[in-house]
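K.L.:
Let me see the structure of the following:
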Amino acid sequence: MSFDYIVSLIKPMLQGAEMTIILFFIAIIISIPLGFLLTVAVNSSFKLLSLAAKAYIYIVRGTPLLLQLLIICFGLPMLPVIGPYLVLDRFVAASIGFIINYAAYFAEIFRGGLLGVDSGQYEAAQVLGLNKWQTMRKIIMPQMFRIALPAVANESVTLIKDTALLYAVAVPELLHFAQTAVNRDFTILPFFLAALIYLLMTVMISLIFNMLEKRIRFE
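P.N.:
Numbering: from 1, shown residues only. Model prediction:
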């Protein structure tokens, strides 16, 4: 295999990786706050809101992400009456699917972080005269995020790898270009190059979260 051939493979695959990275940041930026709001809803004293949030998390976590993407991209437009209004750009539809899915997983991570906060912290906040909002904002939430950060990091790495599912809904991402090259040139090399690019992206994400963990640990 010549160097020029490898370069010709990498160029379109890097374009696909750009799509992967864009989806990753869209999903992370929206699904983490949404996951936290779901955690708040689950712990709400308003029973109907709590049950709705629990049902959402149960259904989303209990069904495959690929199935959810297929429903959003291909199933919703088939609904009677409203179907034509639910036809979305494939990338937009896939982004919505990833946000919906990962928000449920982050909600469970934050719930675990919330349970990990010592109950004595609430009592200490009452002694200090803090109200419920001040207790959550100044004492509980910082500790919750510190506890949840390693799990958030692991889930973020999984998200990078799950972006390969875009291939199934015809979004031209990294795996799409690798598969195209394999079919065209009848060589397995593009798959190895794709694996290397995925590995580099996951290493970068892991390093960023490791720095965050160290920074939080020493604060």
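
K.L.:
give me phi/psi at G129?
P.N.:
In terms of degrees, to the nearest 10, the main-chain angles of G129 are phi 80, psi 20.

K.L.:
how many neighbours does it have?
P.N.:
7 (other Cβ atoms under 10 Å). C-beta: built from backbone N, CA, C; applies to glycine.

K.L.:
Is there a neighbour count for P84? I'd like the number.
P.N.:
Count around P84 with other Cβ under 10 Å applied: 10.

K.L.:
That one contacts P77, doesn't it?
P.N.:
Yes. Between P84 and P77 there is a contact at 7.0 Å, judged by Cβ atoms under 8 Å.

K.L.:
Output the longest helix belonging to this protein.
P.N.:
helix 3-42 (DSSP state H).

K.L.:
State the mean pLDDT of that one.
P.N.:
Mean pLDDT, helix 3-42: 91.

K.L.:
Next up, the contacts around the spatially most central residue of the chain.
P.N.:
Closest residue to the average C-alpha location of the chain: Y102 at 4.3 Å, with Cα atoms, centre = their mean. Counting by Cβ atoms under 8 Å, 6 or more residues apart in numbering, Y102 touches 27-28, 31, 35, 155, 159.

K.L.:
out of these, what pair is the most spread apart?
P.N.:
Spanning the widest gap among the contacts of Y102 are G35 and L159, at 12.1 Å by Cβ to Cβ.

K.L.:
one step back: would JSON lines of the contacts of Y102 with neighbour count and distance to F177 be doable?
P.N.:
Rendered in JSON lines, the data for the contacts of Y102 read as follows (neighbours: other Cβ atoms under 10 Å; distance: Cβ to Cβ, whole Å):
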{"residue": "A27", "neighbour count": "26", "distance to F177": "21"}
{"residue": "I28", "neighbour count": "20", "distance to F177": "23"}
{"residue": "S31", "neighbour count": "23", "distance to F177": "26"}
{"residue": "G35", "neighbour count": "25", "distance to F177": "31"}
{"residue": "E155", "neighbour count": "20", "distance to F177": "26"}
{"residue": "L159", "neighbour count": "23", "distance to F177": "20"}
